[in-house]
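>>> need a structure here:
(chains A and B)
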Amino acid sequence: MSRYSQSNKLTLRGFKSNIVNRRIITLFVVILIVNFNHNLRVSTENTARNFQYKSWQILTKEATLFRDVKTSDIFISNNQNDAFETNVGSFYSNTGIRLAYLFNTSSVFPNIVDCQLSTNCKLGGVRQKSISTIPNLTRGTFVPKRNDSKRIDDWVGKNSKPGALANSTIWAFDMFLLTPTTYFSYLAPFLDDETQAKIDFTKLKVATITSNPKNDFGPAIANVCLVQEGKEISQSGWLMTHWKVPNLALNPSGALVRPILGLDFREIQAGTCVIK
Amino acid sequence: MSSIITHFKFHKLLSVYIGLGTIWIINVSTIFRSSWAGDDWPISQTPYWIQWRYGALTNWNIWTEAMFWNDQWMKGAGRFYPLTWIESRFAFSYLRELWQYKTYQVAMLIIAGLLLVLVCYLFSKSHFFSILVLASLSLTVQFRRDFDPHLAFAVMLPSLLIKIFLAVILAYFAGAERRKTIGTVLSFLAGVIFFAAMATYEFGFLLFPMLVFSFLIAEMSNDSKLANSSTIKIHLSRLLSIKFLPILISWIGYGLYVFAYLRPNAVAISGSYVLGLSMSSFKVFFSQLIMGLPLVSLRQGDLSFTTLSLVIGAVFILIANLSFKHLFLVAQQKVARDEILSKEANRDKFYSYFLLLFSLTMVLSPGLMMSMQPTWWNRADFSHTYLGVMITEFGTAVLMAYLLNRVVVNNLKPVILKRKNQ
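Take a look at the predicted model:
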């Protein structure tokens, strides 16, 4: 046996006899595994918005909801949030439609919280207010204009010119989770009446995206059950369904109702109906 | 400690590096399970905003966007960190898929860890110690449930640390270089990278002592006389030499620009960026000291294991056992050699002191910063921390490795002595 291997045997025996060092290894491994498990858990915890994020991608890339929307139209949405994917940039990138802007309702109507239907408060001037807000935009956030004032050649600058948005349609639009597995989105044009903020209810379209293989319920808007217009499986395997307002509809209780033409923007409340 | 490679098989050390490096990589790779988080949500939308506003995503438009935000923060809050705006805007513009961005996050954190290991090797010239640092990183790096610099915030902290460690390495070589001209050039490069680090996150300003200690360790390892008669006066004279001057200028230059020019002229400094001191500062400071300790961020429910955790855990047990077995064998042979030759580890004495200060700079500075921010006085505690915690984690890993090194070597000595007496 060589001197080297003899020495190795001795040192190995020495190592084995060292209980403290073995305890160090054990402690290291225990902490390592617990820490790994902790990191894995924390990583997974922040995936709560994944369903919404993916649904937005499907909605804007694959749905036919935006078929009638033109360049420079304006969207007004209660749940629009620049902090996430629900912004005009992402919308443009996915649909190819370059909106003048996708507003959060509070940007156009800063006092909407105090202006409820029950208080007889009138909400009007949708077009005028939307268009007049456009020049204040700085990449989606409202910060004081500085260097940007020189850059009137960009999209905001172009749309800020007088008359640039004269032919634009103003749309009521929204997207949110109706249930943990159902993403809901609607789109309807505002009526061209500046004295009130009403949508053309008969032209309202809805798209739902669900991770379930079939719809468990149908959507309702303002107590009117919508009827299915078509459905397809998205590229990611989720069910996407298009809905519309029927001429003669049922309400969630099953009673017949005739949808009205003009529905106040504040009355757009989503609900559910049983699918028969 | 002199190199152990000359006495022991290189492949043993390499296998330990690979083993514990694999554990480090697997641990960091848990990032892949996460989604967009924190500020990454809105920043990830950058390319789409640019496309919408300017019609096309060009490098110039990305640059303009980054400069716009930098300008806002410079004039508004008196902050100067343009590289974060530039890096994040370009990263999110070209890494649009989640997996692409997460790969970038994982890679940057892995690199930051490996650079720390390299730094520790340079300081100690001990593979045993640097391997222990690598092992400790997998224990101290832990994801947080509030502000997390690992999963979010546009890779700002790993980017900062990479630049700091690169500057530390260059400062080391500048100190080790006997030729003044080359030393000054290396110091200049270190100064440039250090400035880039501060321009990534102003926090880098507080990490200046790391470059000081790196430079001094190198200077002393160069000169055994100096090591034996180190005084503060000698250290100061070294730090005022031409070889360290570029680093010093970089630090002072950044400080003057931010604190003497930008801050006094800022028009909208928010409460978060106002500095102050109160009794609460002490509470905040001490609460943040321990934030890098292993398992400190463990919460209820974290002990329920998934199948994946158990499988990976089994892999960890195998790798760690094999790696440490090899590592301790190598360490024992090293200790035996030193004992037989009655070799006093001279280097240990002088590098240990600065190494401790080096790691303490990383451990203490995040808490120091937070303790001076009134906005944290009622928020920071043992479960709430901020982005700088990653720096604390890295510093704690060095401290832990230092202690482990002492404990393991001391445990090995009796075995060796027993053998000598037989």
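
>>> which stretches of the stretch 101-250 of chain B have low pLDDT?
The model of the stretch 101-250 of chain B has pLDDT under 70 over residues B:223-230.

>>> err, the stretch 151-276 of chain A, not the other one
Ranges of the stretch 151-276 of chain A meeting pLDDT under 70: A:151-153.

>>> and the helices in it, which stretches?
Listed in chain order, the helices of the stretch 151-276 of chain A (DSSP state H, counting those that start in this stretch) span A:155-160.

>>> what does the stretch 301-422 of chain B give?
B:307-340, B:346-371, B:389-421.

>>> got CSV for the ones you listed, with mean pLDDT and mean neighbour count too?
Every residue, glycine included, has its C-beta placed from N, CA and C. Listed next are the helices of the stretch 301-422 of chain B as CSV, based on pLDDT from 0 to 100; neighbours: other C-beta atoms under 10 Å in any protein chain shown:
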stretch, mean pLDDT, mean neighbour count
helix B:307-340, 87, 18
helix B:346-371, 87, 20
helix B:389-421, 82, 20
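
>>> would CSV of these with distance to chain A be doable?
As requested, the helices of the stretch 301-422 of chain B are arranged in CSV below (distance: least, C-beta to the nearest C-beta, whole Å):
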stretch, distance to chain A
helix B:307-340, 4
helix B:346-371, 18
helix B:389-421, 4
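
>>> quick one, which of these gets closest to B:Ala260.
Nearest to B:Ala260 among these is helix B:346-371; the distance by C-beta to C-beta comes to 19.1 Å.

>>> ok, back up a step: need the helices of the stretch 301-422 of chain B in CSV (columns: distance to A:Phe91).
Converted to CSV, the helices of the stretch 301-422 of chain B look like this (distance: least, C-beta to C-beta, whole Å):
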stretch, distance to A:Phe91
helix B:307-340, 36
helix B:346-371, 39
helix B:389-421, 35
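
>>> residue in the stretch 51-200 of chain A nearest to chain B?
Among all residues of the stretch 51-200 of chain A, A:Gly89 sits closest to chain B, at 3.2 Å; criterion: C-beta to the nearest C-beta.

>>> ok, that residue touching B:Trp49?
Yes. Between A:Gly89 and B:Trp49 there is a contact under C-beta atoms under 8 Å: 3.8 Å.

>>> and the longest helix along chain A with chain B, contact?
Longest helix in chain A by number of residues (criterion: DSSP state H): helix A:19-45. Yes. Under the criterion of C-beta under 8 Å from any C-beta of the partner chain, chain B is reached by helix A:19-45 at A:20-21, A:24-25, A:28-29, A:31-45.

>>> show me what the helix or strand following that helix is packed against.
On the C-terminal side of helix A:19-45, the nearest following helix or strand under DSSP states H and E is helix A:50-62. Helix A:50-62 makes packing contacts with helix A:88-95, strand A:170-179, strand A:182-189, strand A:205-210, strand A:239-244 when contacts are defined by 3 or more C-beta pairs under 8 Å, 6 or more residues apart in numbering or on different chains; DSSP states H and E.

>>> could these go into a markdown table alongside mean neighbour count?
Formatted as a markdown table, the helices and strands packed on helix A:50-62 follow (neighbours: other C-beta atoms under 10 Å in any protein chain shown):
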| stretch | mean neighbour count |
| --- | --- |
| helix A:88-95 | 22 |
| strand A:170-179 | 20 |
| strand A:182-189 | 22 |
| strand A:205-210 | 24 |
| strand A:239-244 | 20 |
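
>>> for B:Lys75, find the nearest of these.
Per C-beta to C-beta, nearest to B:Lys75 of the helices and strands packed on helix A:50-62: helix A:88-95, 24.7 Å.

>>> contacts for the closest one, please.
The contact list for helix A:88-95 (C-beta atoms under 8 Å, 6 or more residues apart in numbering or on different chains) reads A:56-57, A:60-61, A:66, A:69, A:75, A:97-99, A:101-102, A:140, B:45, B:47-53.

>>> per-domain residue ranges of the chain.
I'll assume chain A. Using automatic domain parsing, the domains assigned to chain A come out as A:3-45, A:50-273.

>>> nope, chain B
Domain assignment for chain B by automatic domain parsing gives B:10-34+B:96-260+B:277-294+B:304-421, B:45-94.

>>> check the separation of the first and last residues in stretch B:140-158.
15 Å (C-alpha to C-alpha, to the nearest Å).

>>> again, but for stretch B:24-44
27 Å.

>>> hmm, it touching chain A?
Yes. Judged by C-beta under 8 Å from any C-beta, stretch B:24-44 comes into contact with chain A through B:Ile26, B:Asn27, B:Thr30, B:Ile31, B:Phe32, B:Arg33, B:Ser34, B:Ser35, B:Trp36, B:Ala37, B:Trp41, B:Pro42.
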